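Q: need a 3D model of the following:
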Amino acid sequence: PKHKAIDMVPQAPLREAERENYAFFLGLPEADREAVKLDVKGTQLLQPLMEYSGACSGCGETPYLKLLTQLYGDRLMIANATGCSSIYGGNLPTTPYTVNAAGRGPAWANSLFEDNAEFGFGMRLAADQQQALALGQLRLLSGSLPGTLVDGLLAHARVQDEPGVRAQRERVAELLKQLEGRKDPVSDRLRTLAHQLVRRSVWIVGGDGWAYDIGYGGLDHVLASGEDVNILVLDTEVYSNTGGQASKSTPMGAAAKFATGGKHTPKKDLALLALSYGHVYVAKVAIGAKDGQAVKAFQEAESWHGPSLILAYSPCIAHGYDLAQGAEQTKLAVESGYWPLYRNDPRRLAEGQSPLQLDSAAPKGDLGRFLRNETRFRMVEQAHPEAFARMLAESQADLARRYATLAQLAQMDASAGPTPTKG
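A: Next up is the predicted model:
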């Protein structure tokens, strides 16, 4: 073509014009969080508190983090395992995480591969302890503060919905006004802890190398604890940041470092392991295939007062295809049964329903068509056609068995077993 994609022109005139355009964009009013319906369209009207990350073009991880900050960013605490998400999330001295007009934004910290679950667990325990201390100091001063204010603060310390959070923040602001001028030790302690009366949303974030492999022992411990923590696994099915080594999340037949001839064992089913506890909210989501289901899963996980685990399908350059086609390939992953979508909510037992609800249909279509779109599978077939054919047949049978297990769980007799007490 005569016209190329990039035109070399003087920068200064364009920079001045675009600076004005950008200032206009930043000056546009944000949507009223209480007026917006928190569905797919509504959530995208909310201000994202993650922007301009240094992730690869087409990265499948960042949409989940953007959504997380749109839902809970102004009270969000993130414990981020080492990996891709810690590199583009904390590329110091810059960070893609930002604040809203009120100066509130995510509190983010990075830990190691091997202890991130424990690190985030400590964040939850610390936040809960600080809130307990604040409530204790508030009760000590209850006789000298307006009764309606104290009652409101005590009753709404665990609220998570937008109207409730805004109302609680207004109560905290009024409390701080009431504490002005007081010099006693109790008032001093409450003044420093008052903002903890708004409940924090704690999320433990990392990739499959952390969750399935190196940090799995800690992750399992945190899930077993029963505490109110949310875990988001950005599943690229390979150690993306360190150069593409195989993890226990890597599927059968895929090439990766340490498995150049194709991995010979099936993918570890982390979701099913967590689901076996009974008190864990578990979801498998794929935002490129069914974004509405992903939005629901994030909200349900946050509202469950116990451990939650979301496994998020994340296309990656290590898969070996143009990520401009990421959404289409994700849809094929779901349709073929390669990545079934479901949510397991323990609260459904109290309603007489099975906790597990399938959000995708039974596998259909050709699994081979999905696999052959990606270099990580195609290169194995080219180098070892007979071995690939065997692994493809085994994978197809394994996926069918796994879906049958999920379908059986979805039809479970809800009257069997005790109902979880949390939530």
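
Q: for Phe25, grab phi and psi.
A: Taking degrees, to the nearest 10, you get phi -60, psi -50 for the backbone angles of Phe25.

Q: burial of it, as a residue count?
A: Using other Cβ atoms under 10 Å, Phe25 is surrounded by 8 other residues. The way it works is simple: take the backbone N, C-alpha and C, and place the C-beta from them, glycine included.

Q: do the same with the one 4 residues further on
A: Residues lying near Pro29 (other Cβ under 10 Å) number 6.

Q: gap between Gly206 and Val233?
A: 7 Å (Cβ to Cβ, to the nearest Å).

Q: of the two, which one has the most company?
A: Higher neighbour count among Gly206 and Val233: Gly206, with 28 against 25, using other Cβ under 10 Å.

Q: helix/strand/coil for that one?
A: strand (DSSP: H, G, I helix; E, B strand; the rest coil).

Q: correct me if wrong: it contacts Ala81.
A: Yes - Gly206 is within contact range of Ala81, at 2.9 Å (criterion: Cβ atoms under 8 Å).

Q: any residues in contact with both of these two?
A: Residues touching both Gly206 and Ala81 (Cβ atoms under 8 Å, 6 or more residues apart in numbering) are Phe113, Asn116, Gly215.

Q: pick out whichever of the residues you listed sits closest to Asp128.
A: Checking those against Asp128 with Cβ to Cβ, the nearest one is Asn116 at 18.8 Å.

Q: how about the closest one, nearest residue that isn't a chain neighbour?
A: Setting aside the residues directly before and after it, Asn116 is nearest to Ala81 in space (Cβ to Cβ, 6 or more residues apart in numbering), at 3.6 Å.

Q: and that neighbour, how many residues sit next to it?
A: Residues near Ala81, counting by other Cβ under 10 Å: 30.

Q: equivalent analysis for Tyr313, please.
A: Using other Cβ under 10 Å: Tyr313 sits among 25 other residues.

Q: repeat that for the one 10 residues further on.
A: Under the neighbour criterion other Cβ under 10 Å, Leu323 is assigned a count of 16.

Q: residue contacts, it?
A: So Leu323 contacts Cys56, Ser57, Gly58, Cys59, Gly60, Pro315, Cys316, Ile317 (Cβ under 8 Å, 6+ apart).

Q: how about Gln70?
A: Thr43, Gln44, Leu46, Gln47, Pro48, Leu49.

Q: where do the strands of the stretch 201-350 of the chain begin and end?
A: 201-207, 230-235, 281-285, 308-313, 342-344 (DSSP state E, counting those that start in this stretch).

Q: what ranges do the strands span in the stretch 1-150 of the chain?
A: With DSSP E, counting those that start in this stretch, the ranges of strands along the stretch 1-150 of the chain come out as 76-81, 107-111.

Q: which residues does Tyr342 bridge with?
A: Taking DSSP bridges as the rule, Tyr342 bridges to Lys284, Leu358.

Q: for it, give its distance to Gln411.
A: For Tyr342, the distance to Gln411 - Cβ to Cβ - is 13 Å.

Q: those two: who's more crowded?
A: Between Tyr342 and Gln411, Tyr342 has the larger neighbour count (other Cβ under 10 Å), namely 22 against 11.

Q: does the more buried one touch Ser360 like I think?
A: Yes - counting by Cβ under 8 Å, Tyr342 touches Ser360, with 7.3 Å between them.

Q: just to revisit the earlier point, can you select the buried ones among the contacts of Leu323 for me in PyMOL?
A: Buried subset of the contacts of Leu323, written as a PyMOL selection, criterion 16 or more other Cβ atoms under 10 Å:
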select buried, resi 56+58+59+60+315+316+317
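
Q: redo the contacts of Leu323 as a markdown table? Include distance to Thr265 and pLDDT.
A: Shown next, in a markdown table, are those (distance: Cβ to Cβ, whole Å; pLDDT from 0 to 100):
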| residue | distance to Thr265 | pLDDT |
| --- | --- | --- |
| Cys56 | 28 | 94 |
| Ser57 | 32 | 93 |
| Gly58 | 29 | 95 |
| Cys59 | 27 | 96 |
| Gly60 | 24 | 96 |
| Pro315 | 22 | 96 |
| Cys316 | 20 | 95 |
| Ile317 | 24 | 94 |
